[in-house]
Structures are given as structure tokens and as C-alpha cells.
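> make a model of this:
(2 chains, ligands or ions: 4)
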2 protein chains.
Amino acid sequence: GGADSLEDESRDYDPETQKTLEEIDATQNEIDSLNEKASEEILKVEQKYNKLRKPFFEKRNELIAKIPNFWVTAFVNHPQISAILDEDEEECLHFLSKLEVEEFEDIKSGYRIKFYFDENPYFENDLLEKEFHLGAGGDPASKSTQIKWREGSDLSKRLQDQQNAYNKNESDSKTSRKRQLEFPRTFFTWFTDHGDASADDIAEVIKDDMWPNPLQYFLVPDIEVENGGLDGEDGESDED
Amino acid sequence: GGADSLEDESRDYDPETQKTLEEIDATQNEIDSLNEKASEEILKVEQKYNKLRKPFFEKRNELIAKIPNFWVTAFVNHPQISAILDEDEEECLHFLSKLEVEEFEDIKSGYRIKFYFDENPYFENDLLEKEFHLGAGGDPASKSTQIKWREGSDLSKRLQDQQNAYNKNESDSKTSRKRQLEFPRTFFTWFTDHGDASADDIAEVIKDDMWPNPLQYFLVPDIEVENGGLDGEDGESDED
Ligand SMILES: [Ca+2]
Ligand SMILES: [Ca+2]
Ligand SMILES: [Mg+2]
Ligand SMILES: [Mg+2]
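Ligands and ions are numbered 1, 2, ... in the order given. Down below sits the predicted model:
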């Protein structure tokens, strides 16, 4: 701690200064200790309210389950999530039956986003989780469920093929490497990407914006994506 | 609120869906209400600990006052603050006798940074404050004490002259406008700048890093800036 670094200090302070610095350090230790107590109390408040909110989130999920395509509609109406939804992925998300965001018991060390799926033609999993936690070095890290794609339905492979074709094209036209990297993210590339868990904007938007109040996004009028809307008798929106 | 937007919705949901949406909305209102209560409780914890910390901050300031050049040394040793310190400004900050950061009583609406100065050859003020608050539209805004520079000692004017000369130079050499704006910020241009109060990195560093524990920066060894160091008998550091 601070006292150690004061003692270790090879610099020669005059005795009076040294004494004052030690007193500053002692006062600082009192402040640090109060900071820790404050953090602990705040954590307890957050834990208490997480418990109090839980039954309402569960009730909300039961109600949401009664509304067909609730989550895919909310996702499509959300500006940042919609921006990464590929058309095939949007079709796939029609099978998303339940979303949950769970903070770890101690809150500060992480959270997981749980996507529950009905039986579907894309993959065998009924639960896809993306989890954010503190890695070995104490830095934010993430991991996610391995998706068991059904044969011929691997959307990530389809997207990878598109990306390769796009990159080849860009490479042929001799544009910069930077440009190549600008191929848009998609939902499943986001889901499987663990490159910078400390700045996962999509995960943060789901945790801090979508999950706290999804109804507002379900209700946003967006003619293109309405069931029975303007773009076809099957109620699908294929233009973005 | 949500109930209103449900009623206002011109969309025709079937009666069962409409009922379920209203139930989701009611559940959401319960969650929102718990969120508000949680925020209030957390605010009370923060206020309580601000009160408990106060006497220790005051004692720390009394002790710091006994150490000559404590604050200028801590500033010069801090990587981000040091980066904006012009050489003349550093001389001026030798007269900085006390620093205080005060959060507003309700915390969330703002804070002020108070720089107390001894009688000095640069300006007449003995207190320079930069305050961050919520402006008319509810957005972060800042204001600061008007500095009463003594004749011939206006550092901001001196710096403005340098900047003008720099810009003229850049303009003569036909470089872009962007380049012109890259003239480095200085302490007093920061102090008087209210362009983007929502992203004032220097103010945040002072509030969240320097003020919580200045001793660590005072103690960081930095030969260039030590009093009686390597760079001159007057204890000044003129290279950065
Ligand atoms: Ca669709
Ligand atoms: Ca100096
Ligand atoms: Mg679409
Ligand atoms: Mg210097």
C-alpha cells in the first residue's frame, strides 16, 4: 500500500516532510477504507434490487412468450441491434422465444445474455449464451455457446463466404486493408466474437437498453417490419 | 409513460394481444419503479459516504499545505495533466496552494473543482473554480471563474499569440484546417474551454483520479521535475 511505497522511497525527504507524508498516507488509508465500505454498501443495494426485480422480469418473460415474434420485432426496431441483423439472421431470430440477462451474484464480475430458441431449422441448440466475465489477468473476457448448425444452415459460414467474396473483390480493386475490415458485423459474428470484451457495444445495448425495457422497442412503429405489413403476404420484411 | 403509448398506438392488435401488452406494460412499470428506488438508495449511500469522507479530505488538505509544491508536483507527475501543462503554466502552478473537488449535494447534477492560489505575479484571483452542472436543456455544461490577469502576465494571451503564430505558419504552408486545430491544449485553455462539458477528460481525471489519491502522484519519481533536480539551480524543469 501507500505506507510501503513511502518507506521504499529512496528519496531523502527531510524528517518533518517525511512525517507529514506519512500522516497524509494514514489519512488516505482512512479515505480508501471508506471508499471500500461505500462500494460494498452500493453492491448490497444493487443485489437487493436485483432480487426484488427478478419476479417481475420472470412475469414479463411469461407475458412476452404469449406475443408471437416479440423479441425479433424488438430487435429489428432497435437501431443498433437492427444494424447488425443480416436478413437470414432475422429469419432465424423468429425462433428466439426468450431473452434473459443475468448479472453474476457479485454483479461487478460479469453477466450473461441468454437466448432461448424454439426448435428451428438452423441449429440444434435451444440455448445460446454469451457470457462476460473477468479473465485470468482480471481483464474483461467473453465466451459463448458453440452453435451446432444443421447441415446446410450454417449462417456464420454463409456470412463468412460473403465476407470472403467481398474481401476478394476489395482486394481485386486494390483498396486498402482497412476497407476490407469494414464488412459489416452481423448478429452471429457478434455472438462468436471475443476480440474486445471490454467494449462490446451490442452486449451493452442488450443489457442496458433492450433488457431494461423491451416493450418500447416492440411498440416502435416500423412499417417495413410489421407482420402483415406492406412487403408481402407472409408478413416478412426483406428490405432494410 | 408506456401505458399512454400503448393507448395512443394506432396499430390494431387483436384484443388478447392488446391485453397482454398492457400487462407487460404494468409489469414494466413495477420494474421502473424499483429502478427508481434503487437509484435513490444508492444516492443516499453516496451522500452518506461523502459526509463521512469529508473530515479526512479536510485533514489531508491541511497536511498537504505543509508540503511545498505538493500540487504542482502531483500535476507534473500525472501523465494526462502533465501533457497539457505549458512551461509558464507550470511555473504559475507553484502558487497553487489547495485543490478541492466538491460534488453537488445531489451528486448527479454536478461538481466543482476549486484551485486556491497564494498571492502570485500572474493573476489577482485567489480562487479559480471550474464547475460542471446540468444546463438549461438538462445537458452537461461548464463554467469557470474569470481570471483577472495582471498586466503583462496573461498566460492565456501569450498562448493565444503562440497559437495564432502557429496557425499562421500552418496556413502559410497550406496544410489543412484540421491540422491547425491540433495545437496542444494547455492548462488555462482547458480551464476556460466549455465546448464539450460532457467529455472533459482533464476534469474527469482531476475528479476521479487525482483527487481520490494525490499522494501516489506526488511520490512518483520524475527526475526532470524534482526540485533541486538535474536541470538547474532554481529547481526548475524546462524540458518536457
Ligand atoms: Ca422477417
Ligand atoms: Ca518548475
Ligand atoms: Mg429487416
Ligand atoms: Mg515540465
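> next helix or strand past the least confident helix or strand in chain A by mean pLDDT?
Every helix and strand of chain A was ranked by mean pLDDT, DSSP states H and E. The lowest is helix A:177-180, at a mean of 48. Going down the chain from helix A:177-180, the next helix or strand is helix A:187-192, by DSSP states H and E.
> is ligand 3 within reach of that next one?
No: for helix A:187-192, no contact with ligand 3 is found by Cβ under 5 Å from the ion; the gap never falls below 11.8 Å. The C-beta positions use only the backbone N, C-alpha and C, and glycine is treated the same way.
> need the residue closest to the centroid of chain A.
Centroid-nearest residue in chain A: A:Ala203, 1.2 Å away (criterion: Cα atoms, centre = their mean).
> in what helix or strand does A:Ile113 lie?
strand A:110-117.
> what distance do you get for the closest residue to A:Val101 other than its chain neighbours to A:Glu102?
Spatially, and ignoring its direct neighbours in sequence, A:Val101 is nearest to A:Trp211 (4.2 Å; Cβ to Cβ, 6 or more residues apart in numbering or on different chains). Applying Cβ to Cβ, to the nearest Å, the value for A:Trp211 to A:Glu102 is 10 Å.
> report the distance from the helix or strand that contains A:Gln162 to the chain centre.
Secondary-structure assignment from DSSP H and E places A:Gln162 in helix A:155-172. Centroid displacement of helix A:155-172 relative to its chain, using Cα atoms, centre = their mean, to the nearest Å, is 25 Å.
> elements contacting it?
In terms of contacts (3 or more Cβ pairs under 8 Å, 6 or more residues apart in numbering or on different chains; DSSP states H and E), helix A:155-172 is packed against helix A:87-92, helix A:177-180, helix A:187-192.
> quick one: buried residues of it?
By neighbour count on 16 or more other Cβ atoms under 10 Å in any protein chain shown, the buried set for helix A:155-172 is A:155-156, A:158-159, A:170.
> stretch A:17-24 now?
Applying 16+ other Cβ under 10 Å to stretch A:17-24 flags A:20-22, A:24 as buried.
> now, which of those lie within strands?
Per DSSP state E, strands hold no members of the buried residues of stretch A:17-24.
> make CSV out of the residues you listed and add distance to A:Asp126 and pLDDT.
Listed next are the buried residues of stretch A:17-24 as CSV, based on distance: Cβ to Cβ, whole Å; pLDDT from 0 to 100:
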residue, distance to A:Asp126, pLDDT
A:Thr20, 65, 97
A:Leu21, 61, 97
A:Glu22, 61, 97
A:Ile24, 59, 98
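> and of these, the nearest to ligand 3?
Closest approach between the buried residues of stretch A:17-24 and ligand 3, by Cβ to the ion: A:Ile24, at 60.2 Å.
> which helices and strands does the lengthiest helix in chain A pack with?
For chain A, the longest helix by residue count, based on DSSP state H, is helix A:15-64. Packing partners of helix A:15-64 (3+ Cβ pairs under 8 Å, 6+ apart): helix A:2-8, strand A:96-103, helix B:15-64, helix B:215-219.
> give me the distance from the shortest one to the chain's centre.
This points to helix B:215-219. 19 Å.
> check whether that helix contacts chain A.
Yes: applying Cβ under 8 Å from any Cβ of the partner chain, one finds helix B:215-219 in contact with chain A at B:215-216, B:218-219.
> that helix packs against which elements?
Counting by 3+ Cβ pairs under 8 Å, 6+ apart, helix B:215-219 packs on helix A:2-8, helix A:15-64, helix B:70-77.
> chain center to the second one, what's the gap?
Mean C-alpha position of helix A:15-64 versus that of the full chain (Cα atoms, centre = their mean) differs by 24 Å.
> now that helix against helix B:70-77, angle please.
60 degrees (axes from the mean of the first three to the mean of the last three Cα atoms, to 10 degrees).
> run through chain A and note the low-pLDDT ranges.
In the predicted model of chain A, residues A:1-11, A:170-183, A:221-240 satisfy pLDDT under 70.
> correct me if wrong: A:Glu102 contacts A:Arg112.
Yes: using Cβ atoms under 8 Å, A:Glu102 is in contact with A:Arg112, at 5.3 Å.
> which residues are in contact with both of these two?
By Cβ atoms under 8 Å, 6 or more residues apart in numbering or on different chains, A:Glu102 and A:Arg112 have no common neighbours.
> just give me the neighbour total for A:Leu52.
For A:Leu52, the count of nearby residues is 14 (other Cβ atoms under 10 Å in any protein chain shown).
> which residue is the nearest non-sequential neighbour of it?
Nearest residue to A:Leu52 in three dimensions, chain neighbours excluded: B:Leu34, at 5.4 Å (Cβ to Cβ, 6+ apart).
> host element of A:Ile107?
With DSSP H and E as criterion, A:Ile107 is part of no helix or strand.
> does it touch A:Lys44 like I think?
No: A:Ile107 lies out of contact with A:Lys44 (Cβ under 8 Å); the separation is 10.1 Å.
> A:Thr27 contacts B:Arg60, correct?
Yes: counting by Cβ under 8 Å, A:Thr27 touches B:Arg60, with 4.6 Å between them.
> ok, the residues of helix B:215-219 next to chain A vs ligand 3, which is closest?
B:Gln216 (52.0 Å).
> what distance do you get for that closest one to A:Asp32?
For B:Gln216, the distance to A:Asp32 (Cβ to Cβ) stands at 11 Å.
> also A:Gln160?
According to Cβ to Cβ, A:Gln160 stands 49 Å off from A:Asp32.
> now swap in A:Ser144 and tell me
For A:Ser144, the distance to A:Asp32 equals 37 Å [Cβ to Cβ].
> in stretch A:195-206, what's buried?
Neighbour-count burial for stretch A:195-206 [16+ other Cβ under 10 Å]: A:197, A:200, A:202-203, A:206.
> from those residues, which ones fall inside helices?
Judged by DSSP H, the subset of the buried residues of stretch A:195-206 located in helices is A:202-203.
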